[in-house]
Structure formats: structure tokens, C-alpha cells
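Engineer: coordinates only, sequence not included:
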């Protein structure tokens, strides 16, 4: 039987985890799992429902009403479904970012999604990215990488991404939001963002995308003994 291999990639918002994880998953022939999109899906529901995302009890009360599904299209890309509706594009709206950050701080939400994420890694080889993959979700992952970059570099990348989506925001606003997200992620009580003790750190501040991809792939292959 072929062994299923898990690659866990953690790091702060805007570090390029999703695009890099997707790229290396394709090169390795693994399934890419974007856990940030899963939390965004819940954040999107809470936003549309008009619920205060910081009210843990109110958010927890909504969870039984949700059916969150992760599907893969013919192109191999991950699509998010909420109660049967494809919300893959809607969850990328700037307004959803704060809701995703706030709801992800609640233990009830993290517990709700934990088994879903682990089950994905049991049944296939995955590259999974998020904030607590190597520390909580997949603590026994064969490869763990902590991907980071300076707040300024991450803000520049995020700003370009928003421009490409037709929802531009000024640099100072994007930087402030990233710094606030960093604080929230590292100070929350439930599974705060931190580098796993056995994770390899990769700082991409001075690297372009291709250089970052090659550096990440090199770390993974070295860890796997290839």
C-alpha cells in the first residue's frame, strides 16, 4: 500500500502559503488543501447571517446550520461549497477576511473543522496550509514548513492581489490589516499561530515567486529523502 504523505505549511497572512502550496502540490502530484478557504467559508456565512463574529456563543450556535464541503474541479483546483452553493469566489471578498480571522479564534469552530481536515490527509497525500497545521491539525506530518515574509512585503503582495481582483485598497490600509491579523493570530487562545518545533523556516521577503517555489520544493524533497 502506498503511504500517504502530509506536508504542513504554516505562516502568517499574506506569506504566499496558498499559491506556493498549490504550486508544489502540483509538482509533487499531491492534493492541495487550502484550510484558509475553509475558515473563510464559515466567516462568509457568519457575515451574511449578520452575526457578530467575535461572539463565540453566537457563532457556535450557527455551526449546526452549516454544511461545508471541499470539492475539486476538473482543473484540480479546490472549490468551497456552503450548503450546496459554490462560494469559492465570494469568500475572497475583502470584507470576509476579518470575519474569517475572528471566527477562527473560537475553539468551537476549530473543533468543528478539525476532523474534516485530518480526514483529508488520511485518504491521500496532501500539501495543507494554514496557521496551525503542523502544531495542531497534523502534528505528525512528514514535512513541516513555516513560511513567512516581512509585513511590508506581504502587504505589497496582498495589494497586487486585490488589484487583480478588481477590489483595490491603499497600501497603508492593507499593511494595517495584516499587522492586526498577525496580532490576532498569534494571541488567540485557541491554536495560536506559531512555528512548530520541528518545522523548517522559509523567509520569502527577498525572493520572487519562482525562487520561493524552488526553495519550498527543495525543503520538502530533502525532508522526504529525495
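Structural biologist: Perfect, I can see it now. These numbers were taken from a predicted model, which means no experiment stands behind them.
Engineer: what sits closest to residue 223 if chain neighbours are left out?
Structural biologist: Setting aside the residues directly before and after it, residue 223 is nearest to residue 143 in space (Cβ to Cβ, 6 or more residues apart in numbering), at 4.3 Å. For glycine as for every other residue, the C-beta is placed from the backbone atoms N, C-alpha and C.
Engineer: next: residue 124.
Structural biologist: On the basis of Cβ to Cβ, 6+ apart, the spatially nearest residue to residue 124 that is not a chain neighbour turns out to be residue 31, at 4.9 Å.
Engineer: for residue 38, same thing?
Structural biologist: In space, and not counting its chain neighbours, residue 38 is closest to residue 113: 5.8 Å by Cβ to Cβ, 6+ apart.
Engineer: show me the contacts for the one you found.
Structural biologist: For residue 113, the residues meeting the contact criterion (Cβ atoms under 8 Å, 6 or more residues apart in numbering) are 35, 38, 39, 42, 68.
Engineer: same deal with residue 77?
Structural biologist: Going by Cβ under 8 Å, 6+ apart, residue 77 touches residue 22.
Engineer: next SSE downstream of the helix or strand encompassing residue 173?
Structural biologist: In this assignment (DSSP states H and E), residue 173 forms part of helix 171-187. Of the helices and strands lying after helix 171-187 in sequence (DSSP H and E), the nearest is strand 200-203.
Engineer: so for that next one, what gets flagged as buried?
Structural biologist: Within strand 200-203, the residues scored as buried using 16 or more other Cβ atoms under 10 Å are 200, 202, 203.
Engineer: what's it packed up against?
Structural biologist: Using 3 or more Cβ pairs under 8 Å, 6 or more residues apart in numbering; DSSP states H and E as the contact criterion, the secondary-structure elements in contact with strand 200-203 are strand 143-148, helix 209-223.
Engineer: so which bits of the last one are buried?
Structural biologist: In other words, helix 209-223. When burial is assessed from 16+ other Cβ under 10 Å, helix 209-223 yields the following buried residues: 212, 213, 215, 216, 217, 219, 220, 223.
Engineer: can you list the neighbours in contact with that helix?
Structural biologist: Contact partners of helix 209-223, identified using Cβ under 8 Å, 6+ apart, comprise 7, 9, 16, 19-20, 23-24, 27-28, 142-143, 145, 147, 200, 202, 204, 207.
Engineer: next, the angle strand 143-148 makes with that helix.
Structural biologist: Between the axis of helix 209-223 and that of strand 143-148 there is an angle of 150 degrees, by axes from the mean of the first three to the mean of the last three Cα atoms, to 10 degrees.
Engineer: now helix 209-223: average pLDDT?
Structural biologist: Helix 209-223 shows a mean pLDDT of 96.
Engineer: so how far is that helix off the chain centroid?
Structural biologist: Helix 209-223 sits 18 Å away from the centroid of its parent chain (Cα atoms, centre = their mean, to the nearest Å).
Engineer: same thing with the first one?
Structural biologist: Distance of strand 143-148 from its chain centroid, counting by Cα atoms, centre = their mean, is 12 Å.
Engineer: list the strands paired with it, with their directions.
Structural biologist: With DSSP bridges as the criterion, the sheet partners recorded for strand 143-148 are strand 6-10 (parallel), strand 200-203 (parallel).
Engineer: as TSV, the ones you listed with mean pLDDT and distance to residue 88 would be great.
Structural biologist: Putting the strands paired with strand 143-148 into TSV (pLDDT from 0 to 100; distance: least, Cβ to Cβ, whole Å) gives the following:
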stretch	mean pLDDT	distance to residue 88
strand 6-10	97	20
strand 200-203	97	27
